[in-house]
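Novice: Pasted the sequence and its predicted model underneath.
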Amino acid sequence: MTSALDSLNFLRRPLPSTTTSSSVLSGIGIGSSASSILYGASTEEKIVIDIGTRSLRAGFSGDHAPIHSSVLSTRFALTGSIARALGHSTQSATESEEELEARLIELLRDVYRHDLLVDARTRKVALVESALVPVALRLAVARVLLGNLRVPQVSFYPASVAALMTCGSVHAGLVVDCGHRTVTVTPVYEARALLPYVTSTPLAGSALFDNLRGLLRSYARFTPASSRRVDMDCREGVLTETVVTHVMTKLLVASPIAPPGKLRETLGVADGDACALSNELVAFYESNSTCSSAVTGLTIDSGRYGRGLLLIPSWIRERAAEPLFCGDPGADLQSIPDAIVQCIGRAPLDTRRALIANVLVIGGIAELPGFRHRLLRDVVDRLRDSRWSALAADAALAGDESAFMPSTRAWAGTSLAVAAKIGTVEVSREEFDGCTLPDWTAITQ
């Protein structure tokens, strides 16, 4: 009888308080992204997708970083009219947008199947889009998501406003988006993108890649491991795209010292071939180098000669990004600091001081060590030499580098906006006709 009563009392006891999934996962070292996958989420959680010219990022709203990040050039190629709209060269002009949609379907299905681990028909999607994204590309992505993957709803979030949300209570600022093909400067005031005053320059990641490859072909040396030749130049199939990309992402830094005005006029962007600089400019680079050694050695796998040692003059590591700060006078291409000053000049008078006080630099190039501070220093110098010299003292960078990576700030801001239930333009599967999309740039209220 006593054992029976004990059993009844045990059943009547309240259950112990359950620990939330996030605290359990954090205790065993699994982050919020894994929590979204293992435990699922509410119906309000969305899939956040950021498709750029060269990269794709996807993850769940409310997370601080995307689950999936990939470089599109290795798995996906833009074709047809959309490729031409984005500035890509295409060998076949007859390739249609249907082929692009087929590639997008394959890519997004792979992301859903292997990374997100959810059924596309069960989650709404929040798309991060730039202010200058081609309409044809927006339509292609919408047709793939709403038509093929059967996503219930797609929301469009402006990248500039979303990125500025990661800075906290900042409602005004200049968002400098350093992409692969274009650097876009977008003024944001009162959480609204001032699109008539947007400026841009093609001196972006692609120009940095071409200039670095030209400098390496002209000044770097290569010593094959299986050859009697002591060294050779890098014009004979040594510099593959993989090698140049590795040097650009792992070895480059931005020098804090700008070249003098006379030497700056001789700068230019190489087209990928040999780039010969003036002797005075090379001497200035060598004498003002902050690297610990004059030459940096890197073991590489060349395309034609196998493994070997690539000897890179250290000043190339610091000065490959110089055209982005100084422009290309020969091709009449303005630099990124000039584009920022031009945007300030175009903006309404009452907004300029608030804009220049919060310069947010995002994008892959912004992750170069010293890039943001060199950019701010050059912007201040340009402002002092312009008729807006009174604004030079107010120029400052926005955003903490340790909080979010510059390349994922737009994604993280959109994730934050969705979690905070901040609305924007939405298109449901039933409303989409396959030909037209509402544009967030047309919102007035």
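Specialist: Received the coordinates, thanks.

Novice: where along the stretch 1-150 of the chain do the helices fall?
Specialist: 2-12, 21-27, 32-39, 72-75, 80-85, 97-111, 135-142 (DSSP state H, counting those that start in this stretch).

Novice: Flag whichever of these has the least confidence on average.
Specialist: Among the helices of the stretch 1-150 of the chain, helix 21-27 has the lowest mean pLDDT, at a mean of 34.

Novice: which residues does the residue nearest the centre of the chain contact?
Specialist: For the chain, residue 363 is the residue whose C-alpha lies nearest the centre (C-alpha atoms, centre = their mean; 3.0 Å). Going by C-beta atoms under 8 Å, 6 or more residues apart in numbering, residue 363 touches 176-179, 183, 205, 406-407. To be clear about C-beta, it is placed using only N, CA and C from the backbone, and glycine gets the same treatment.

Novice: Now with 7 Å, please.
Specialist: 177-179, 406-407 (C-beta atoms under 7 Å, 6 or more residues apart in numbering).

Novice: Chain neighbours aside, what residue packs nearest to it?
Specialist: residue 178 (3.4 Å; C-beta to C-beta, 6 or more residues apart in numbering).

Novice: what's around that neighbour, how many residues?
Specialist: Counted with other C-beta atoms under 10 Å, the neighbours of residue 178 add up to 28.

Novice: Neighbours of residue 208, how many?
Specialist: 23.

Novice: re earlier: residue 400 versus the residue nearest to the centre of the chain, what's the distance?
Specialist: Counting by C-beta to C-beta, to the nearest Å, the gap from residue 363 to residue 400 is 17 Å.

Novice: Ramachandran coordinates for the residue nearest to the centre of the chain?
Specialist: Torsion angles at residue 363 (phi, psi; degrees, to the nearest 10) stand at phi 110, psi 170.

Novice: all numbers from here: first residue = 32
Specialist: With the count now opening at 32, the last piece we talked about shows up as residue 394.

Novice: Local confidence estimate at it?
Specialist: Looking at residue 394, its pLDDT reads 92.

Novice: what helix or strand does residue 328 sit in?
Specialist: Residue 328 belongs to strand 326-333 when assigned by DSSP states H and E.

Novice: Quick one: list the elements packing against that strand.
Specialist: The helices and strands touching strand 326-333, judged by 3 or more C-beta pairs under 7 Å, 6 or more residues apart in numbering; DSSP states H and E, are strand 337-344, helix 345-350.

Novice: what pairs with the longest one, and is each one parallel or antiparallel?
Specialist: This points to strand 337-344. Paired strands of strand 337-344, with direction, are strand 252-255 (antiparallel), strand 326-333 (antiparallel) (DSSP bridges).

Novice: Pick the most deeply packed of the ones you listed.
Specialist: Comparing those by mean neighbour count (mean count of other C-beta atoms under 10 Å), strand 252-255 ranks first with a mean of 19.

Novice: Thanks a lot, catch you later.
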